[in-house]
Each structure stands twice: as C-alpha cells, then as structure tokens.
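J.: Would you be able to build a 3D model of this:
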Amino acid sequence: MNTKMKTWEKISYGMGDLANNLMFGPVAYYLLYFYTDVAGISLALVSLLMGVARAVDAVASPFIGGLVDRTNTRWGKTRPYLLFTTLPLGVLMVLCFLVPNASMNAVALYALFTYLGFSLLYTLNNVAYLTLLTVMTPDNGIRLQLGGIRMAGMAVGSLVANGLLLPIILLLGSGNERRGFALTALLFGIVSVLLLMNCFLFTRERIEVVPERGPLLGSMRTMGKSRPFLILCTVQILGWVMQSFFYQNTVFYAKYLLHNEQFAAAMMALPTLCLLGVSPFISLLARRFGKRRFMAVSYAASAAALLLVWAAGDRVWLVLPGSMLAGFGTGCALSMGILTCSDTIDHVEWLTGKKLQGLMTSMMLFAAKLGLVVTGTLSPFVLGLGGYVANAEQSLTALMAIRTNYIFLPVLLGLLCLFLLRFYRLDERQMENITNELVQRRFEKASQQGLK
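T.: The predicted structure follows:
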C-alpha cells in the first residue's frame, strides 16, 4: 500500500478542523449568551431547548457513526458526507444567529429547530471528517503528523471563533449586537463551507474497508470489548464537560466578576494561541512522553490553573495567565484524546477482526455532545439556582454560581480525568506490535483474494 502523502493533502485535512471550529465555537460557547442577553429568551426556556436539542443529538451520534461504517461510494466511505452536508450546515449555522422578531415562545421554537438541525448535521459532517483520518493512512507516524496539523487548524479556528468573535461582532454590528452576531455568522459560514469543500477535493482514502453489516447493537458490543476504548471514551466525556463549562461561562465571568466582558476575548484567545504554538510539536511530544501521560499532565495543569484564577479574584493580570493555561491544558488533552482514538480503533480490529472506525469516531463526538448536553442543562440551572439575572448587578449567590460553573466544577472534572487515565494501558510499544500485525493480516487477506 502506498502511504506517501503530499503536503497539500495534509494541510487540506487540517483546514477541515479550522472550518469545524469556525462553526462549532460560536454555537457551542456563545449561543447561550446570545439567546439570553441578545435574543431575550428566558433562562428557563433556553435551558429546556438546549437540553432537548443536545440530548437528541447525543443519542443520534452512534447511529450516525454506524451509518458511516455502512457506507461505500465512488467517493469513499467518509468523503461523500463532506460533499453533501457542508453547504446546508453553513446555512443552518447562520440561521442559529438570525432570530426573528416574534413572541418569546415563537422565538424559542425557532431556536430549537435551527439549533437541533445544525447539531445533527454537524455531527454527520464531523463524524465523517474525524473518521477520514483512520482511512487516509495506516502509518502511525503520518497519523501523528495529520493530528498535529489538525490541531493547528483547530487552534486557528478556535482563536478566531472564540478569541476574536466579540471584536468582530462589535466591528460588523457597529454597536448593534444582534446585527453583529448575524453578520459574523454569515462570514464564518461562508469561510467554513469553502474550507470543508477543499478538504473533500484534496484528501484521499487509502485504506479500503468492507462496509459493516449487521445490527448496530452488535457493533456496539464489539466496540465494548476494548477496555482502553471504554476508558478513553469516559475521559473524553468528562473532558468535554470540563471544557464546555469553562468556555461557556467565560463571558459571564468576564462581565460580572472582572466587570468587563471584552476580557472574554483575551481569555479565549490566549489558550488557542498556545495550542497553535505547540501543534507543530504534537507528534514529537506524543512519542517522547506517550499519549496517556501527555493527557494526564494536561488535565492536571488545567485544574491547577483554574485554582489560580479563583485565588486571583478580580486581578486581571493573574486571571489571564490562569485562564490561558486552563484552556490550553484541556485543549491539548482533548486533541490528544481524539488522536488516541485511532489506536483504540486498531485495538478493536486486532481483537475482533472488525474495523468500526465510523462508530468509534462518532463516540468521540458523542463525548463532546454529551458534554454540551450536561453544560447546556446544568450551567443555566446553576445560574438560576444562584439567582442570576441577565444584564443586571448580580447578587453574591449569583456570583458564586458563576464561579462554580467556571472554576469549581471544571477542577473536579479534571481530577476525575486524571484518576481514570491511570487505568489506560494501551501504550506505544503495544500499538507498534498491533499495527505491524494488522498490516500483515491485510497483506495476507489481499494475497488470498488475488489468488481467487
């Protein structure tokens, strides 16, 4: 099998995650603020609609992964989903931030259907994109390179979508937040569509996989035979909940505890700048320290940094480096977790003879979606419990609720991730043996088919 890959193909793959984050970032981390403080939807309705939409989306993720595993077209297994879902996904992203002037119930219903439509289509598109890595090459070295480039794309996308979003909204809206959100969503949607179409055009699937047959439940049982995958999936769920709490409440923390919501831009931009800086070295770091240790150190650093933010109070000069390290740590850990998923996919194939890359990749996205389900439901609940009132001076209990969402719950989740990673035993030496054996099996299978 020819595993050589041109540089532009690697860059095109990384641009796909840049596009993903340009769409995912605003919706995941700013939509709660947009609904409550810009569109004027009550906190209770926002909590309900986001919880329902995210729950449906999370449940759908394994079925979408199973669909990808059962796909076989002239464009391959994963690339046709990039071709056919990208444009409607961009349109739905814009519609999420184009709330009509109507009654609150009508606006909430509109928000539910646009947000749910975006979430389901994003899941289909992103499962296909993440699965693409597993069929582009069997070479672990090239996969690590692709992972580093994807991480760079993610960092650039996150930097723009999280760190620069508020200044762009201010610029395009000329003081009108509603107009600024709509125009920014349109700009991000157009750029994302172009980048994802480029990813479709210039990437190639080199590993031919027989489409999975049989019931989805059987595939899930097969997947569950890998203990390392189950541990990794649990850690990813907790990690995404941790990051979602952190980023989703950054604007609230900056606005009501630092008394300037514009600080949120720096608090979101600095971690992604760090991720961008480390992305060229991700393959080197993974080889040097091992993926499990890299994730563990990242979660530990993130939890410690959030405690620094708590100790800093309203001293911005301490809050900024603390929030930078916290976001950088979770970003590194989650990126390495997604990359480590390809190891567990090979582990399941080695154990059972079945390559369930679509289903198993979808579980990584399920982790992210479940994280958003939890934070989308629990974060407004905690704010409401504390007596939060939008665009008003907050009570002491409301300020404690914001601190709980931004600091204390993420710290607890980071420590849980650190504990669970102690039981992940699939190391680099094992993976080298598994990869070599799988290559030999594929070669023997191809030789037998050639003799028939």
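
J.: low-scoring stretches of the protein, by residue?
T.: 1-3, 210-215, 446-452 (pLDDT under 70).

J.: for it, which helix is longest?
T.: helix 316-352 (DSSP state H).

J.: The residue positioned nearest the centre of the chain: what's its closest spatial neighbour, skipping adjacent residues?
T.: When C-alpha atoms, centre = their mean is applied to the chain, the residue found nearest the centroid is residue 368 (5.5 Å). Once flanking residues are discounted, residue 368 sits nearest to residue 240: 4.6 Å by C-beta to C-beta, 6 or more residues apart in numbering. Every C-beta, even on glycine, is put in place using the N, C-alpha and C of the backbone.

J.: got a list of what the one you found touches?
T.: 334, 367, 368, 370, 371, 372 (C-beta atoms under 8 Å, 6 or more residues apart in numbering).

J.: again, only this time at 7 Å
T.: For residue 240, the contact set (C-beta atoms under 7 Å, 6 or more residues apart in numbering) comprises 334, 367, 368, 371.

J.: Does anything pack onto the helix or strand hosting the third one? Which helices or strands?
T.: Read it as residue 368. Assigned by DSSP states H and E, residue 368 belongs to helix 357-385. Applying 3 or more C-beta pairs under 7 Å, 6 or more residues apart in numbering; DSSP states H and E, one finds that helix 357-385 makes contact with helix 43-69, helix 104-136, helix 216-223, helix 227-248, helix 316-352, helix 396-403.

J.: Which one, of those helices, ends up nearest to residue 282?
T.: The closest of the helices and strands packed on helix 357-385 to residue 282 is helix 316-352. By C-beta to C-beta, the value is 7.4 Å.

J.: Buried ones in the closest one, by neighbour count?
T.: With burial defined by 16 or more other C-beta atoms under 10 Å, the residues of helix 316-352 counted as buried are 316, 319-320, 322-350.

J.: Also compute the angle for it relative to helix 216-223, please.
T.: On the basis of axes from the mean of the first three to the mean of the last three C-alpha atoms, to 10 degrees, helix 316-352 is oriented at 100 degrees to helix 216-223.

J.: Compute the number of surrounding residues for the residue nearest to residue 426 when sequence neighbours are not counted.
T.: The spatially closest residue to residue 426, leaving aside those adjacent along the chain, is residue 228, at 4.0 Å (C-beta to C-beta, 6+ apart). Residue 228 has 19 neighbours, counted by other C-beta atoms under 10 Å.

J.: Adjust the sequence numbering to begin at 28 for everything that follows.
T.: I'll keep to 28 as the first residue from here, and by that count the last item is residue 255.

J.: from the contacts of residue 267, which is closest to residue 455?
T.: So of these, ranked by how close each gets to residue 455 (C-beta to C-beta), first place is residue 361, at 19.8 Å.

J.: Quick check: buried residues in the helix holding residue 395?
T.: Within helix 384-412, the residues scored as buried using 16+ other C-beta under 10 Å are 384-411.

J.: Return the list of helices and strands in contact with the longest helix of the chain.
T.: Judged by 3+ C-beta pairs under 7 Å, 6+ apart, the packing partners of helix 343-379 are helix 131-163, helix 167-185, helix 243-250, helix 254-275, helix 290-305, helix 318-339, helix 384-412, helix 455-478.

J.: what's the closest of the ones you listed to residue 111?
T.: The nearest among these, by C-beta to C-beta, is helix 131-163 at 9.2 Å.

J.: Now that closest one: buried residues?
T.: 134-135, 137-139, 141-163.

J.: Just want the angle from that helix to helix 167-185.
T.: 160 degrees.

J.: how big is the angle separating helix 131-163 from helix 384-412?
T.: Going by the same axes, to 10 degrees, helix 131-163 makes 150 degrees with helix 384-412.

J.: what separates helix 131-163 from the chain centre, distance-wise?
T.: 12 Å (C-alpha atoms, centre = their mean, to the nearest Å).

J.: go on, stretch 426-439?
T.: Remark: stretch 426-439 is offset 21 Å from the chain centroid, using C-alpha atoms, centre = their mean.

J.: Can you give the contact residues for it?
T.: 269, 272-273, 276-277, 279-280, 283-284, 330, 333-334, 336-337, 406, 409-410, 412-413, 415.

J.: what's next to stretch 396-410, contact-wise?
T.: Residues outside stretch 396-410 that contact it (C-beta under 7 Å, 6+ apart): 55, 70, 73-74, 77-78, 81-82, 84-85, 88, 150, 264, 267-268, 271-272, 275-276, 428, 431-432.

J.: The same query, at a cut-off of 8 Å, please.
T.: So stretch 396-410 is contacted by 55, 59, 70-71, 73-74, 77-78, 81-82, 84-85, 88, 146, 150, 264, 266-272, 275-276, 279, 425, 428-429, 431-432, 436 (C-beta under 8 Å, 6+ apart).

J.: One more: stretch 218-238?
T.: 28-30, 35-36, 39-40, 42-43, 45-47, 49-50, 96-99, 102-106, 109-110, 113-114, 116-117, 120, 152, 156, 159, 161-165, 382, 384.

J.: Run a quick neighbour tally on the closest residue in space to residue 353 that isn't next to it in sequence.
T.: What sits nearest to residue 353 in space, not counting adjacent residues and going by C-beta to C-beta, 6+ apart, is residue 332, at 4.1 Å. Residues near residue 332, counting by other C-beta under 10 Å, number 24.

J.: residues contacting residue 332?
T.: Here residue 332 is in contact with 348, 349, 350, 351, 352, 353, 356 (C-beta under 8 Å, 6+ apart).

J.: mind listing what the second one touches?
T.: By C-beta under 8 Å, 6+ apart, the residues touching residue 349 are 332, 333, 335, 336, 339.

J.: Against residue 298, how distant is it?
T.: Going from residue 349 to residue 298 by C-beta to C-beta, to the nearest Å gives 11 Å.

J.: next one: residue 156
T.: On the measure of C-beta to C-beta, residue 156 and residue 298 end up 22 Å apart.

J.: Over to residue 376?
T.: Residue 376 is 35 Å from residue 298, where distance means C-beta to C-beta.

J.: same question, residue 130
T.: Applying C-beta to C-beta, the value for residue 130 to residue 298 is 39 Å.

J.: What of residue 470?
T.: Separation of residue 470 from residue 298 (C-beta to C-beta): 43 Å.

J.: How about residue 341?
T.: Remark: distance between residue 341 and residue 298 (C-beta to C-beta) = 20 Å.

J.: what's the answer for residue 182, then?
T.: Taking C-beta to C-beta, one finds residue 182 at 9 Å from residue 298.

J.: any common contacting residues for those two?
T.: Shared contacts of residue 182 and residue 298 (C-beta under 8 Å, 6+ apart): residue 358.

J.: Tell me which of the two has more neighbours.
T.: Between residue 182 and residue 298, counted using other C-beta under 10 Å, the more crowded position is residue 298 (29 against 26).

J.: What separation is there between that one and residue 277?
T.: Noted for residue 298: a distance of 10 Å to residue 277, by C-beta to C-beta.
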